[in-house]
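Novice: Sequence plus predicted model, see below.
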Amino acid sequence: MSIPELKYTPIEEIPKIRDELRAGFASGKLRSIPYRKYLLTKLIYLIKDNLSRFEEAMAIDLGRPTLEARFLELVPTIGEVATQLKNIDKWTKPEKPPFSINFGPMRPVIRKEPKGTVLIIAPFNYPMWLTLGPLAGAIAAGNTVLVKPSESTKATSALMTELLEQHLDKDVVRMVNGAVPETTKILELQWDHILYTGNSRVAKIVATAAAKHLTPVTLELGGKSPVIVDPNVDLKLAAKRLMWGKVVNAGQTCVAPDYILVPKEFQDKFVQALKDVYEEFYPPEKPPSSPGAFARLIHQQAAARVAGLLEKTQGKIVFGGEVDIEKRYISPTVVRDVKGDDSLMSEEIFGPVLPVVPVDSIDDAIKFVNAREHPLALYVFSQDDKFKTKVFDNTQSGAACVNETVVHPGAEGLPFGGIGPSGYGYHTGKYSFDLFTHLRASLDNPSWIDWILSFRFPPYNEKKEAA
Ligand code: NAD
């Protein structure tokens with residue numbers, strides 16, 4: 001079976017689609033937990049039954065090596081839907097607040113209710129995980145959902161559209177495809193929650209549009225995620241995990257290590273370790289330019305942007321630096337002796353280029369990080385607990401990990417979200433369910449309570465005040 005062609009949704013149909021989703025919500029069919037489970041199960045099978053088509057689609061869109069498509073996208077997406085399915089009974093149960101003598105008799109309860117008709121706007125870099133993952137949370141919570149996948153992943157977005165239309169319920173889930181005009185139309189409409197994942201420029205457009213309707217928004221954004229490396233480290237392992245975090249998906253990962261801070265005197269040794277790993281990852285018989293070895297940038301503009309940053313750098317290229325814009329190819333590249341005002345430090349790189357910034361001390365590294373916007377992730381490589389604690393205690397970031405990169409958004413039970421300019425709100429697992437859930441405070445007061453509480457009713461008088 002081939003990959004379908006991506007067709008943009010006619011703009012005039014968008015309000016009608018939203019109205020149909022609202023009607024789907026009003027129909028009450030999603031009140032049934034078994035029906036939500038049925039849809040989630042179908043979602044799992046529509047992925048499982050089309051694994052090779054998804055692999056093919058992501059190879060077309062991002063040049064994704066098959067293995068990367070599997071462990072970065074297919075396995076985590078199925079896992080995310082399965083988590084919702086496994087926990088839905090528990091998470092949808094009304095919760096009792098802690099007992100209080102004053103209010104306990106009124107039987108207070110927190111009802112877990114859907115927000116209504118919600119919107120998910122997804123980016124290109126993890127086209128399945130960031131689309132179908134949150135979709136699962138929204139369905140589990142009982143919402144009807146409009147999904148707007150990225151127009152840059154034509155093959156994956158077209159395949160998801162075909163399969164969701166075939167296998168899910170059109171009253172519950174709809175896809176709208178398109179670029180800026182289509183998304184602008186979507187954003188004119190009222191939604192009950194918007195989850196936007198992507199860059200901060202567009203996030204401001206989304207938040208402004210949402211504010212007009214007082215719609216709550218969750219923003220999952222990016223930024224420059226720093227790495228601080230201590231010389232007291234398992235050097236080979238650190239170099240491997242860092243290089244992997246940068247080369248996977250050709251650096252187009254929101255939590256990719258963006259730049260590395262190392263003590264000056266350690267830079268030579270560290271850079272040599274990165275070079276050794278590069279040669280191990282890409283032996284002469286399978287260079288990164290060979291098919292299936294290494295992903296490509298999403299489009300030529302993205303490749304040209306990263307190439308532009310590389311062209312202007314004042315740092316020294318240690319290895320890599322090969323650019324073929326037409327083929328959307330930039331080889332894994334390490335640049336050393338990069339300074340704070342370098343082109344490579346001017347924006348999120350979002351490509352396979354890794355600048356190494358030498359600093360005098362750990363305090364300088366912390367100052368360097370704190371002089372910039374709070375990142376989505378911060379990484380520390382060290383075997384010294386005091387070093388780790390010092391960095392964690394003196395910085396802020398969406399997430400902070402030791403001796404590892406990139407994997408934490410997939411870790412079950414951890415919230416995934418930014419802070420400040422890297423976004424607000426959390427998703428994955430229970431956090432996705434919560435994001436699309438309204439906590440409806442409720443109580444049911446028995447009539448006998450008024451034996452005790454009838455003093456509250458007017459007329460107020462001195463006798464009541466004295467009681
Ligand atoms: P993108 O270009 O695919 O855009 C994302 C979405 O925004 C698309 O659906 C697109 O149609 C829509 N869009 C684009 N311009 C718009 C406009 N003017 N008005 C309304 N909608 C518009 O992807 P991107 O934004 O380049 O994604 C990369 C960024 O996303 C990086 O900064 C990355 O760090 C971040 N990101 C964050 C996370 C996270 O979970 N925090 C995950 C992945 C990516």
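Specialist: Everything's here; your move. Computed from a predicted structure; not experimentally measured.

Novice: neighbours around the residue lying closest to residue 213 once chain neighbours are set aside, how many?
Specialist: Excluding the flanking residues, the one nearest residue 213 by CB to CB, 6 or more residues apart in numbering is residue 190, at 4.3 Å. In this view, the C-beta of every residue, glycine as well, is placed from N, C-alpha and C. For residue 190, the neighbour count with other CB atoms under 10 Å is 14.

Novice: One more: residue 63?
Specialist: 21.

Novice: Isn't it up against residue 250?
Specialist: Yes. The criterion here is CB atoms under 8 Å, and residue 63 meets it with residue 250 at 7.4 Å.

Novice: Name the residues contacting each of those two.
Specialist: Contact with both residue 63 and residue 250 is made by residues 294, 295, 296, according to CB atoms under 8 Å, 6 or more residues apart in numbering.

Novice: Spell out the secondary structure type for residue 340.
Specialist: coil (DSSP: H, G, I helix; E, B strand; the rest coil).

Novice: so the residue lying closest to it once chain neighbours are set aside is in which element?
Specialist: Among residues not flanking residue 340 along the chain, residue 368 sits closest, at 6.6 Å (CB to CB, 6+ apart). Assigned by DSSP states H and E, residue 368 belongs to helix 362-370.

Novice: For the helix or strand following that helix, give me every contacting residue.
Specialist: Using DSSP H and E, the helix or strand that follows helix 362-370 in sequence is strand 377-381. Strand 377-381 has contacts (CB under 8 Å, 6+ apart) with 225-230, 233, 238, 241-242, 245, 255, 257, 369, 387-388, 391-392, 395, 397-405, 408.

Novice: Buried residues, strand 377-381. List them.
Specialist: Applying a neighbour-count criterion of 16 or more other CB atoms under 10 Å, one finds 377, 378, 379, 380, 381 buried in strand 377-381.

Novice: swap in stretch 61-75?
Specialist: Of all the residues in stretch 61-75, those buried under the rule 16+ other CB under 10 Å are 61, 62, 63, 64, 65, 68, 69, 70, 72, 73, 74.

Novice: Give me the nearest residue to the fourth one, chain neighbours excluded.
Specialist: Distances taken as CB to CB, 6+ apart place residue 58 nearest to residue 64, at 4.1 Å, with adjacent residues excluded.

Novice: Show the subsequent helix or strand relative to the host helix or strand of the one you found.
Specialist: If you go by DSSP H and E, residue 58 is part of helix 51-62. The element immediately downstream of helix 51-62 (helix or strand, assigned by DSSP H and E) is helix 66-69.

Novice: separation between the nearest residue in space to residue 239 that is not next to it in sequence and the ligand?
Specialist: Closest residue to residue 239 apart from its sequence neighbours, by CB to CB, 6+ apart: residue 273 at 3.8 Å. Applying CB to the nearest ligand atom, to the nearest Å, the value for residue 273 to the ligand is 26 Å.

Novice: tell me the secondary structure for residue 273?
Specialist: Assignment for residue 273 (three-state DSSP): helix.

Novice: got a list of what it touches?
Specialist: Contact analysis of residue 273 by CB under 8 Å, 6+ apart lists 235, 236, 238, 239.

Novice: Likewise for residue 443?
Specialist: By CB under 8 Å, 6+ apart, the contact set of residue 443 is 103, 106, 107, 108, 109.
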